[in-house]
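Colleague: give me a 3D structure for the following:
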Amino acid sequence: MISDKVRVRFAPSPTGYLHVGGLRTALYNYLYAKKNNGVFVLRIEDTDQNRKVEGAVENLIKTLNWAGLRYDEGPVTGGEHGPYVQSERLDIYKEHADRLVKEGKAYYCFCSKERLELLRKEQEEKKLQPVYDKHCLKLSKQEIQEKINDGFPYVIRLNIRPNENVVVKDIIRGIVEFSTSTVDDQVLLKSDGFPTYHLANVIDDHYMKITHVIRGEEWLPSTPKHVLLYNYFGWEVPSFAHLPLLLNPDRSKLSKRQGDVAVESYAEKGYLKEALVNFVALLGWNAGDDREFYYLNELVDAFSLERVNKAGAVFDIQKLDWLNAEHLRKLDDATLAGMLKEELAAGELKDLIPGDETLLKIVSCMRERISFIKEIPVNAPYLFRKPDSYEEKGLQKGWKAETPAHLNEILPKYEALENPVKDDYERVLRETAESLGIGAGKLIHPLRLAVSGVSGGPGLFDIFDVIGQKEVVERIKTAVEKIRI
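Modeller: Below you'll find the predicted structure:
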């Protein structure tokens, strides 16, 4: 019997990285479980041993934890319905496959790869859907036993009765009907003793008491096989919800050929987990309003499968960048300063990391100018070291023949300040501009070039406050000496 409590599962294969589509599937399962006070299960589907990648399971768990999607039952965590790794459940699958054979709902197939390939080509030439022709279903019990005794390799196939309708009630897509005449006699147990996805999936979902199967649209064509298996075993069928495809901007299926699809890649690039989870949640779902900014706990409150769209969702990297900037700006200065410190320690400025107070000043003046923390050292290296050149466009616009004289006028006043703050630098500048009879801009622009080397960036007096009085004076002197126009 299916559990009275909502139980969902995320069941990836350990074939490498976690795809962003996999993250969305995991997220929707997680949100549905938490919204309904249910259980989120992680199951590792490693029955295809040829595709298994060493360390993939550990990486997968690490990535889910990074995203904040902590499962209630699964590998490492455990639970009363384990094991949660399919390769540790082979006896269960063999027992159930044998049961189906005894009941005439499945059969042994001894066909060689060569025969199956020939059959497929013949069907394609006749423009028929490639399906197995039930050749081995006609074998007598004696013939079957002789082949088994002689060591012939075999698989076990599902015996699908033709000309029947399978009706699937999908939460997202409504009623979907399939004719069994178009459904292949799917292999359930392979010759190596491992089950296929279809058999293991149904058996595990039953014994793990999964109430809702929430998975990608690509599994919809397999659903009639799964429903038939539930029926053949006499088990209750769970509710299904098939999520829309993720698409590239050109509407093709999202793939690594057109960009990064690994969650780990986005983490390495500096995307915040909060932003990526927020973005992925909106790939196919909305709460029925214009809201786009969510934290994970807010997604739990707002989520419903009924609001998931049928149409494919376009992966818009610009929207992800925007969300990353929005989430970044919601973080306090102390958090941003800690992130900046880590970023600097891993880069070429690792020997120039300023003190904590200065880091706080840097993130305070840069937070509205960045989408990623890594942009601070890239866009404003002058906050950490002297400029080694001066922007040509800025020189042409802001550095005039009289500029050195103006800067030499303000230099001793800056040198004379005692423990200056931002307001002191600004006061001196405006007083000097007034005494010289010039606009403040005639000092602001060249001073910005002198201390930063560029004509844009945070406020001039914020830069002064970050680099400090001594550095301000030295950089102005250097610029007056070096710049010749």
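
Colleague: now whichever helix or strand Thr335 is part of: how far from the chain's centre is it?
Modeller: Secondary structure assignment for Thr335, by DSSP states H and E: helix 333-345. Relative to the centre of its chain, helix 333-345 is centred 23 Å away, using C-alpha atoms, centre = their mean, to the nearest Å.

Colleague: then stretch 478-485?
Modeller: Its chain's C-alpha centre and that of stretch 478-485 lie 49 Å apart, by C-alpha atoms, centre = their mean.

Colleague: likewise for stretch 178-192?
Modeller: Taking C-alpha atoms, centre = their mean, the mean C-alpha location of stretch 178-192 is offset from the chain mean by 33 Å.

Colleague: show me the contact partners of it.
Modeller: 49, 93-94, 97, 100, 106, 109, 129-132, 134, 137, 153-166, 168, 195-196, 198-199, 223-225, 228 (C-beta atoms under 8 Å, 6 or more residues apart in numbering). Using the backbone N, CA and C atoms, a C-beta is placed for each residue, glycine as well.

Colleague: what ranges do the strands span in this structure?
Modeller: 7-10, 39-42, 106-109, 155-158, 165-170, 174-179, 187-189, 212-216, 239-243, 246-247, 313-314 (DSSP state E).

Colleague: and those strands as a markdown table, adding mean pLDDT, distance to Glu481 and mean neighbour count?
Modeller: Shown next, in a markdown table, are the strands of the chain (pLDDT from 0 to 100; distance: least, C-beta to C-beta, whole Å; neighbours: other C-beta atoms under 10 Å):
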| stretch | mean pLDDT | distance to Glu481 | mean neighbour count |
| --- | --- | --- | --- |
| strand 7-10 | 98 | 63 | 27 |
| strand 39-42 | 98 | 64 | 24 |
| strand 106-109 | 98 | 86 | 22 |
| strand 155-158 | 98 | 82 | 23 |
| strand 165-170 | 96 | 74 | 14 |
| strand 174-179 | 96 | 76 | 12 |
| strand 187-189 | 97 | 80 | 24 |
| strand 212-216 | 97 | 64 | 22 |
| strand 239-243 | 98 | 64 | 21 |
| strand 246-247 | 93 | 57 | 20 |
| strand 313-314 | 94 | 54 | 17 |
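
Colleague: in CSV, list these along with distance to Lys141.
Modeller: What follows is those, written out as CSV (distance: least, C-beta to C-beta, whole Å):
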stretch, distance to Lys141
strand 7-10, 38
strand 39-42, 40
strand 106-109, 10
strand 155-158, 15
strand 165-170, 29
strand 174-179, 31
strand 187-189, 19
strand 212-216, 36
strand 239-243, 37
strand 246-247, 49
strand 313-314, 52
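
Colleague: got any ranges where the stretch 1-150 of the chain has weak pLDDT?
Modeller: Scanning the stretch 1-150 of the chain for pLDDT under 70 picks out 1-2.

Colleague: how close does Ile373 get to Arg385?
Modeller: The gap separating Ile373 from Arg385 is 18 Å, by C-beta to C-beta, to the nearest Å.

Colleague: mind checking how far the residue nearest to Ala267 when sequence neighbours are not counted is from Glu274?
Modeller: Spatial nearest neighbour of Ala267, excluding adjacent residues (C-beta to C-beta, 6 or more residues apart in numbering): Trp66 at 6.3 Å. Distance from Trp66 to Glu274, counting by C-beta to C-beta: 11 Å.

Colleague: pick out whichever of the two has more residues nearby.
Modeller: For Trp66 versus Glu274, neighbours defined as other C-beta atoms under 10 Å are more numerous around Glu274 (21 against 15).

Colleague: can you name the residues that contact that one?
Modeller: Tyr295, Leu296, His327.

Colleague: can you check Ile156 too?
Modeller: Ala97, Leu100, Val101, Ala106, Tyr107, Tyr108, Cys109, Val187, Leu188, Leu189.

Colleague: okay, now the domains of the chain?
Modeller: Per the record, the chain has its domains at 1-73+244-330, 91-189, 331-381, 386-485, by automatic domain parsing.

Colleague: the first one: how far from the chain's middle?
Modeller: Translated: domain 1-73+244-330. On C-alpha atoms, centre = their mean, the centre of domain 1-73+244-330 falls 6 Å from the chain's centre.

Colleague: between the domains of the chain, which one is closest to Asp205.
Modeller: Evaluated over these, closeness to Asp205 peaks at domain 1-73+244-330, with 7.0 Å, by C-beta to C-beta.

Colleague: quick one on the thing from earlier: narrow the contacts of Glu274 to those in helices?
Modeller: Residues of the contacts of Glu274 located in helices (DSSP state H): Leu296, His327.

Colleague: which one of the contacts of Glu274 is nearest Val308?
Modeller: When those are ranked by distance to Val308 (C-beta to C-beta), Leu296 comes first, at 17.5 Å.

Colleague: buried stuff in stretch 117-136?
Modeller: Within stretch 117-136, the residues scored as buried using 16 or more other C-beta atoms under 10 Å are Leu119, Val131, Tyr132, Cys136.

Colleague: who's in contact with the third one?
Modeller: For Tyr132, the contact set (C-beta under 8 Å, 6+ apart) comprises Cys109, Cys111, Leu116, Leu119, Arg157, Asp184, Asp185.

Colleague: and the second one, how far is that from Tyr154?
Modeller: So the one you mean is Cys111. Separation of Cys111 from Tyr154 (C-beta to C-beta): 9 Å.

Colleague: make CSV from the contacts of Tyr132 and add distance to Glu177 to it.
Modeller: Output for the contacts of Tyr132, formatted as CSV (distance: C-beta to C-beta, whole Å):
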residue, distance to Glu177
Cys109, 28
Cys111, 30
Leu116, 28
Leu119, 27
Arg157, 23
Asp184, 17
Asp185, 20
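
Colleague: closest one of the residues you listed to Gly312?
Modeller: Using C-beta to C-beta, the contacts of Tyr132 come closest to Gly312 at Asp184, 25.7 Å.

Colleague: where does that closest one land on pLDDT?
Modeller: pLDDT, Asp184: 93.

Colleague: repeat for Asp250
Modeller: At Asp250, the model reports a pLDDT of 86.

Colleague: and for it, the neighbour number?
Modeller: 7.

Colleague: relative to Gly312, how far out is it?
Modeller: Taking C-beta to C-beta, one finds Asp250 at 12 Å from Gly312.

Colleague: same question, Ile444
Modeller: Ile444 is 51 Å from Gly312, by C-beta to C-beta.

Colleague: do Leu42 as well
Modeller: In terms of C-beta to C-beta, Leu42 sits 26 Å off from Gly312.

Colleague: residues contacting the residue in the chain sticking out farthest from the centre?
Modeller: What lies farthest from the middle of the chain is Ser435; by C-alpha atoms, centre = their mean that is 58.3 Å. By C-beta under 8 Å, 6+ apart, Ser435 lies in contact with Glu409.

Colleague: let's go with 10 Å and repeat that
Modeller: The contact partners of Ser435, taken as C-beta atoms under 10 Å, 6 or more residues apart in numbering, are Glu409, Ile410, Lys413.
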